[in-house]
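Undergrad: Let's see this in three dimensions:
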Amino acid sequence: MTALTLHPDRLLPADPATRGIARELYQQVRDLPITSPHGHVPARWLAEDAAFEDPTSLLLTPDHYVTRLLHAQGVSLADLGVGVADPTPQQRREAFRLLCAHWPVFRGTAVKTWLEAQLVEVFGVDVVPSARTADDVYDAIAERLRTPQFRPRALFQRFGIDVLATTDDPCDDLRHHRALLDDPQWGGRVVPTFRPDAYLEAGRPDWGERVEALGACAGVDTGTPAGWVAAMVERRAFFRAHGAVSSDHAHADARAEPLEAREAERLYAAARAGRTTPAEADALRRHLLFEQARMAADDGMVMTLHPGVCRDHHAATAQRYGADVGADIPTTVEFTRALRPVLDAFGTSPGFQLVLFTIDETTCSRELAPLAGFYPSVYVGAPWWFIDAPDAIARYRRAVTETAGFARTSGFIDDTRAFLSIPARHDTNRRVECGYLAELVAQHRLTLDEAAETAVDLVVARPREAFKL
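TA: Below you'll find the model as predicted:
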């Protein structure tokens with residue numbers, strides 16, 4: 001069997017002199033704790049600390065980075081366990097065999113980097129996955145998952161995670177977060193994130209039902225825009241009491257623009273009756289997003305915004321399998337004019353912080369870096385989703401740093417449901433950032449001491465400042 005190994009200089013610059021500098025910088029940050037201020041790992045896993053069931057349900061089925069590439073090769077999502085309520089042990093093994101048989105599909109992708117790191121560094125697997133080795137790899141992982149060292153809490157500690165943020169619906173009771181807060185045996189920090197998107201999208205068929213549920217949850221009548229705001233204020237306070245530091249927003253565009261009171265009331269009533277046009281629903285959503293910004297300025301929760309994704313691009317896939325299965329596709333997005341009303345109102349307010357993420361790389365140097373280079377409230381979010389890959393991370397750093405500096409960036413976020421990939425993703429970013437800093441040292445634009453200080457700052461201080469941790 002071919003040996004699976006990780007080169008110690010992977011992702012570092014190819015030039016030997018620059019690589020030596022990068023290697024020295026990387027040693028300063030490789031073992032620093034992980035701050036993960038935006039992700040999707042369930043708090044339940046850590047609260048209950050139950051053993052993971054099998055390799056497929058842990059590494060494959062929930063990771064749309066992996067399943068989308070296999071789907072592109074003609075592999076059925078159902079055969080990978082997606083949308084299957086209770087797959088049999090044989091189905092789970094067959095799904096893993098599909099992953100291994102298609103291993104060459106991942107060449108050149110960040111997914112290969114992350115998966116290989118999990119296999120080697122987390123599980124100690126030393127064979128290359130293939131159709132021939134699939135069962136051996138599966139059995140080796142399954143054996144380890146049965147041991148106490150591979151329970152969620154043990155891995156949390158092993159990975160050196162300092163802070164882990166989840167993503168949660170405003171009506172979530174956060175019982176698993178409360179259980180962690182109340183557990184004297186638990187010493188980690190897991191914080192919820194307020195994600196109200198569905199309650200702003202007035203064009204959704206279920207929007208009225210969701211708004212009613214929001215009111216019931218908050219104990220507030222949401223029959224008017226003022227009631228909607230009051231309910232959101234109450235739920236944000238509930239989240240803050242459970243450790244939340246940020247709210248997360250993802251819509252088709254970045255516009256946040258207030259309406260006149262009468263127009264807001266008219267559109268709100270029409271939306272509750274299911275009578276808004278698409279343009280009216282968008283206008284109401286932009287008004288409600290502006291209200292979220294107003295709340296953020298008042299209560300101090302960081303507002304993160306990542307617009308510009310066409311969700312569920314393939315209708316038949318969405319209907320059969322639901323959301324978040326890899327069928328979301330990036331679109332172009334405009335920030336400068338879209339955010340002017342919010343930044344006019346709150347851009348210099350002491351309590352307001354806005355972290356802007358994009359998958360439209362063209363906006364990084366043209367819009368995001370200049371915005372962050374002027375407004376004290378704005379940070380440029382790290383590359384995420386489709387661009388949280390080595391080459392894209394390097395492009396991001398070159399695009400934003402000359403205009404906004406290192407200090408106006410967010411630090412890395414992993415944005416993942418794949419718990420075991422967290423250290424691999426952060427390590428990838430640390431290696432690429434050290435490569436960039438090494439180039440600046442080699443060009444005599446930074447001293448080695450300045451670069452080392454910056455490398456540590458990017459890992460430790462940037463995410464803590466941007467997310468008020």
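Undergrad: hey, let's count contacts and neighbours off CA atoms from now on
TA: Fine.
Undergrad: excluding its backbone neighbours, what's nearest the residue nearest to the spatial centre of the chain?
TA: The residue at the geometric middle of the chain, judged as the C-alpha nearest the mean C-alpha position with Cα atoms, centre = their mean, is Asp415 (1.9 Å). When the adjacent residues along the chain are set aside, Asp415 lies closest to Gly39, with 4.1 Å between them (Cα to Cα, 6 or more residues apart in numbering).
Undergrad: the strands in the stretch 301-450 of the chain, which residues?
TA: Secondary structure of the stretch 301-450 of the chain (DSSP state E, counting those that start in this stretch): strands at 302-305, 309-310, 329-330, 354-356, 378-380.
Undergrad: Just give me how far the last one sits from the chain centre.
TA: Shown here is strand 378-380, whose average C-alpha point lies 16 Å from the average C-alpha point of the whole chain (Cα atoms, centre = their mean, to the nearest Å).
Undergrad: helices and strands around the strand or helix carrying Ala451, which ones?
TA: Secondary structure assigned from DSSP states H and E places Ala451 in helix 448-459. For helix 448-459, the packing partners by 3 or more Cα pairs under 8 Å, 6 or more residues apart in numbering; DSSP states H and E come out as helix 16-29, helix 422-442.
Undergrad: chain center to it: distance?
TA: 24 Å.
Undergrad: give me the number of residues near Gln292?
TA: Counted with other Cα atoms under 10 Å, the neighbours of Gln292 add up to 22.
Undergrad: Would you mark the buried spots in the helix or strand hosting Ala283?
TA: Of the helices and strands defined by DSSP H and E, Ala283 is found in helix 278-299. Applying a neighbour-count criterion of 16 or more other Cα atoms under 10 Å, one finds 280-297, 299 buried in helix 278-299.
Undergrad: follow-up on the earlier one: mind listing what the residue nearest to the centre of the chain touches?
TA: His38, Gly39, His40, Trp384, Trp385 (Cα atoms under 8 Å, 6 or more residues apart in numbering).
Undergrad: out of those, which is most surrounded?
TA: The member of the contacts of Asp415 that has the most neighbours, counting by other Cα under 10 Å, is His38 with 24 neighbours.
Undergrad: you'd agree it is up against Asp168?
TA: No. With the criterion set as Cα atoms under 8 Å, His38 and Asp168 do not qualify as a contacting pair; they are 10.9 Å apart.
Undergrad: and for those two, which residues touch both?
TA: Common neighbours of His38 and Asp168, using Cα under 8 Å, 6+ apart, are Thr193.
Undergrad: Contacts made by stretch 417-428 with the rest, please.
TA: Residues external to stretch 417-428 that are found in contact with it (Cα under 8 Å, 6+ apart): 11, 30, 34, 39-42, 58-59, 62-63, 113-115, 117-118, 122, 159, 390, 412-414, 416.
Undergrad: for the protein, what are the low-confidence residue spans?
TA: Applying pLDDT under 70 to the chain flags the ranges 1.
Undergrad: Can you tell me how far Val309 is from Ser365?
TA: For Val309, the distance to Ser365 equals 20 Å [Cα to Cα, to the nearest Å].
Undergrad: ah, wrong one, I meant Val378
TA: Val378 sits 14 Å away from Ser365, taking Cα to Cα as the criterion.
Undergrad: returning to what we had before: ok, and what's touching the helix holding Ala283?
TA: By Cα under 8 Å, 6+ apart, the list of residues contacting helix 278-299 from outside reads 200-203, 229, 233, 255-259, 264, 267-268, 271, 302-303, 342, 346, 349-353.
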